[in-house]
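> attaching a predicted model along with its sequence, questions to come.
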Amino acid sequence: MKENRRDFIKKLTIGGIGVGMATEAFPMHAFDPSIEQSKRDRKARRRSKNQTFNMCGYRAPKLDKVRVGFIGVGKRGYSNLRQMTFLEGVEIVAICDIVQDRIDEIQRLLSNQKLPAAQAYLGSDAWKAVCEHPDIDLVSIAVPRGPLHARISVYAMQCGKHVAVEVPAIETVDEAWELVETSETTRKHCMIMENCCYDFFELLTLNMVRQGFFGELIHADAGYIHHQELYNKTRDLNMWRLEESQKYTGNLYPTHGLGPVCQAMNINRGDRFTYMSSISSNDFMLGKKIAELAQSDDFYKKYDTHSYNGNMNTSIIRTELGRTIMLQYDTTSPRSYSRIHMLSGTKAACMKYPLPARISVGSDWLPDEEVEKLSDTYMPEIVKKIGDMAKQVGGHGGMDFLMTWRLIDCLRNGLPMDMDVYDAAAWSVIIPLSKWSVANRSNSIDIPDFTRGAYKTNTPLDVAFLDGGSTTVRNL
Ligand SMILES: NC(=O)c1ccc[n+]([C@@H]2O[C@H](COP(=O)([O-])OP(=O)(O)OC[C@H]3O[C@@H](n4cnc5c(N)ncnc54)[C@H](O)[C@@H]3O)[C@@H](O)[C@H]2O)c1
């Protein structure tokens, strides 16, 4: 049956992610950027000498069955765990949260899926016991972003577990190095769960880049533009997203837009980030909204500080090969959802958002039929193979399932991670570096090479995903 344009575009653009950001000029909060910078310089110098072991391309011993412990089973943790209930070769051993209801909800899910109950761990430090659990191979982390992401990841690897950590993986430069060094010394994978890398149009265009359709890539635009009611009381336990926007100024959530363009540009695998600058607008909305709410609801009084992240942050990044990336972050403006995903090469360009996704080889976008033909020609095998199943399982339209399936399949077949610890560090480090640049009149700042030179010889991600593929599906 011939698809109409809407169906076709829907098929290509299945994403639509959820998360979240921050009047007045930028609050300096409690930190002095020049001191922070020199501390960072010292640490970076100390740490930049030699790679202990190269985790890019590393094949860990195969695991016939992957036994998983989930830490943080709120909205995202629930969804990540649910994906795994559809996979053969996975055992959900433990779940951990600070809220009993969340644990109960997961046990109900497991029971509905006819799977055994998981060992439950309750309490803010209970994650340590999950990391120490002798019968767990993989620790999956979905606690609110902040220092816990790196702390739990590092401890889990030290306890001999592979790690799948929600985005972003770190919030300071030091944490990024710690993650890298721990993964290298323990030889445990630390995969950043950047599901947008598995969205269909992103996979299609990645393959087109690999096949030479775009010629040489010159520039990319990426972003996370997602209107979110951060002040909504029912949104997050302890209002963690609102508090994050109250504390920091910069790009607080870079990886959804950045991950896919980094894979297209072979960042850490042929090219690398060298330096960046970042600029933020004032906050014109969040502070006013909170002040308005605080007049009638005491709950908001402590948030009525008029000190919120600027509504729009724009960062620009330059790479070693002389290419550039523009990256935006805005979670407050009433705009339609966008990760932009614009790739500009010497022969062609594409732009996913605003939808519909488009491709050009000259000054006009190609007609739909041409894009459809290109999609048939270039869509990677993984989408042809499990794309329909992924849509059936769901999770941001299917990309979450593709990611989870691939994570488990790689571990079971001893394959390298599609997104390794260097990607986790480089994609997430935009957060602290953007904060520094914004606080310093958009001065540029060096981006560490977390691969310590290995990027020159690391092999690009195999977008054909030809290896493995043995993991089957149940409970559909
Ligand atoms: N990849 C994506 O598409 C995507 C989407 C949403 C969120 N995220 C990321 O996922 C993470 C979680 O976001 P969310 O929306 O699920 O938030 P959430 O608030 O719904 O869930 C966080 C869970 O962690 C629990 N928690 C807090 N402290 C804990 C501790 N010390 N030990 C154990 N559990 C603890 C909370 O009780 C809650 O259940 C964030 O890092 C966010 O950036 C990613």
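Cool, the structure landed.
> ok, residue 340 to the ligand distance?
Per C-beta to the nearest ligand atom, to the nearest Å, residue 340 is found 16 Å from the ligand. The C-beta positions use only the backbone N, C-alpha and C, and glycine is treated the same way.
> check contacts around that residue.
Taking C-beta atoms under 8 Å, 6 or more residues apart in numbering, we find residue 340 in contact with 221, 222, 223, 225, 257, 328, 351, 352, 353.
> the ligand next: which of those are close?
Among the contacts of residue 340, no residue lies close to the ligand (C-beta under 6 Å from any ligand atom).
> kindly reformat those as TSV containing distance to residue 200.
Shown next, in TSV, are those (distance: C-beta to C-beta, whole Å):
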residue	distance to residue 200
221	19
222	17
223	19
225	20
257	16
328	22
351	15
352	10
353	14
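> give me the most central residue, this structure.
When C-alpha atoms, centre = their mean is applied to the chain, the residue found nearest the centroid is residue 194 (3.3 Å).
> how about that one, what does it touch?
167, 255, 256, 259, 260, 403, 419, 423, 427.
> tell me, how many residues neighbour the residue of the stretch 251-400 of the chain found nearest the ligand?
Nearest residue of the stretch 251-400 of the chain to the ligand: residue 396, at 6.1 Å (C-beta to the nearest ligand atom). Residues lying near residue 396 (other C-beta atoms under 10 Å) number 20.
> tell me which two in the contacts of residue 194 are the farthest apart.
403 and 427 (14.5 Å; C-beta to C-beta).
> of these two, which one has the most company?
residue 427 (30 against 26).
> residue 259 is in contact with that one, correct?
Yes: counting by C-beta atoms under 8 Å, residue 427 touches residue 259, with 5.6 Å between them.
> so what sits against both of those two?
Common contacts of residue 427 and residue 259, defined by C-beta under 8 Å, 6+ apart, comprise 192, 194.
> sorry, back to before: so which of the contacts of residue 194 are also by the ligand?
residue 167.
> what about the strands in the stretch 1-150 of the chain?
With strands called from DSSP state E, counting those that start in this stretch, the stretch 1-150 of the chain shows them at 66-71, 90-97, 119-122, 138-141.
> wait, which of those is closest to the ligand?
strand 90-97 (4.3 Å).
> how about the residues of this structure by the ligand?
Counting by C-beta under 6 Å from any ligand atom, the residues of the chain near the ligand are 17-19, 71-77, 96-99, 102, 124, 127, 142-145, 148, 166-167, 193, 195, 236-237.
> just those: which are in helices?
The helices, defined by DSSP state H, take in 75, 76, 77, 102, 127, 148 from those.
> please list all residues in contact with the last one.
Just to be clear, that refers to residue 148. 127, 141.
> what does the fourth one give?
By C-beta under 8 Å, 6+ apart, the residues touching residue 102 are 73, 74, 77, 78.
> what's the spacing between it and residue 91?
Distance, residue 102 to residue 91, using C-beta to C-beta, to the nearest Å: 20 Å.
> the last one now?
Distance, residue 148 to residue 91, by C-beta to C-beta: 25 Å.
> the first one now?
Distance of residue 75 to residue 91, computed by C-beta to C-beta: 23 Å.
> same question, residue 193
Taken as C-beta to C-beta, the span from residue 193 to residue 91 is 19 Å.
> which one of those two has more residues nearby?
Each of residue 193 and residue 91 has its neighbours counted (other C-beta under 10 Å); residue 193 has more, 23 against 15.
> wait, the more buried one touches residue 167, no?
Yes: between residue 193 and residue 167 there is a contact under C-beta under 8 Å: 6.2 Å.
> and the residues of the chain next to the ligand, which are buried?
17, 19, 71-74, 76-77, 96-98, 102, 127, 142-145, 148, 166-167, 193, 195, 236 (16 or more other C-beta atoms under 10 Å).
> quick revisit: the residue of the stretch 251-400 of the chain closest to the ligand and residue 316, how far apart?
27 Å.
> now the end-to-end length of stretch 223-231.
22 Å (C-alpha to C-alpha, to the nearest Å).
> what sits up against that stretch?
Outside stretch 223-231, the residues touching it (C-beta under 8 Å, 6+ apart) are 17-21, 235, 239, 241-242, 245, 253-254, 256-257, 286, 289-290, 293, 300, 303, 327-340, 353.
> tell me the contacts of residue 398?
Contacts here follow C-beta under 8 Å, 6+ apart; on that basis residue 398 touches 14, 200, 387, 390, 391.
> which of those ranks first by neighbour count?
residue 390 (28 neighbours).
> what secondary structure does it sit in?
At residue 390 the chain is in helix, as set by DSSP: H, G, I helix; E, B strand; the rest coil.
> that one contacts residue 404, correct?
No: the pair residue 390 / residue 404 is not scored as a contact, 9.2 Å apart, by C-beta under 8 Å.
> got the domain boundaries for the protein?
For the chain, the structural domains run 5-30+196-381+421-456, 51-193, going by automatic domain parsing.
> start to end distance for the shortest one?
Going back to what we said before, that points to domain 51-193. 23 Å.
> check residue 34 and give its pLDDT.
For residue 34, the model assigns a pLDDT of 46.
> cool, and residue 237?
77.
> so what's the closest residue to the ligand within the stretch 1-150 of the chain closest to, chain neighbours aside?
Distances between the stretch 1-150 of the chain and the ligand by C-beta to the nearest ligand atom are smallest at residue 74, namely 2.0 Å. Leaving aside its chain neighbours, residue 74 sits nearest to residue 102 (6.0 Å; criterion: C-beta to C-beta, 6 or more residues apart in numbering).
> tell me the spacing between that neighbour and residue 287.
Distance from residue 102 to residue 287, by C-beta to C-beta: 31 Å.
> again with residue 126
Note on residue 126: its distance to residue 287, by C-beta to C-beta, is 36 Å.
> more neighbours: which of those two?
Remark: of residue 126 and residue 287, residue 287 carries more neighbours, 22 against 15, as counted by other C-beta under 10 Å.
> report the buried residues of the host helix or strand of the more buried one.
Using DSSP states H and E, residue 287 maps to helix 286-296. Across helix 286-296, burial judged by 16+ other C-beta under 10 Å covers 286, 287, 289, 290, 293, 294.
> just send those back as TSV, with distance to residue 171 too.
Formatted as TSV, the buried residues of helix 286-296 follow (distance: C-beta to C-beta, whole Å):
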residue	distance to residue 171
286	20
287	22
289	25
290	23
293	27
294	27
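> could I get these as CSV with pLDDT and distance to residue 411?
CSV is the format used below for the buried residues of helix 286-296 (pLDDT from 0 to 100; distance: C-beta to C-beta, whole Å):
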residue, pLDDT, distance to residue 411
286, 94, 41
287, 94, 45
289, 95, 44
290, 95, 44
293, 95, 46
294, 95, 48
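> which among the residues you listed gets closest to residue 208?
Closest to residue 208, out of all of these and judged by C-beta to C-beta, is residue 286, at 38.6 Å.
> shouldn't the closest one be in contact with residue 306?
No: taking C-beta under 8 Å as the definition, residue 286 is not a contact partner of residue 306, at 9.5 Å.
> sorry, back to before: which one among the contacts of residue 398 sits at the bottom for pLDDT?
Lowest pLDDT among the contacts of residue 398: residue 14, 40.
> can you pull the phi/psi pair for residue 360?
phi -130, psi 150 (degrees, to the nearest 10).
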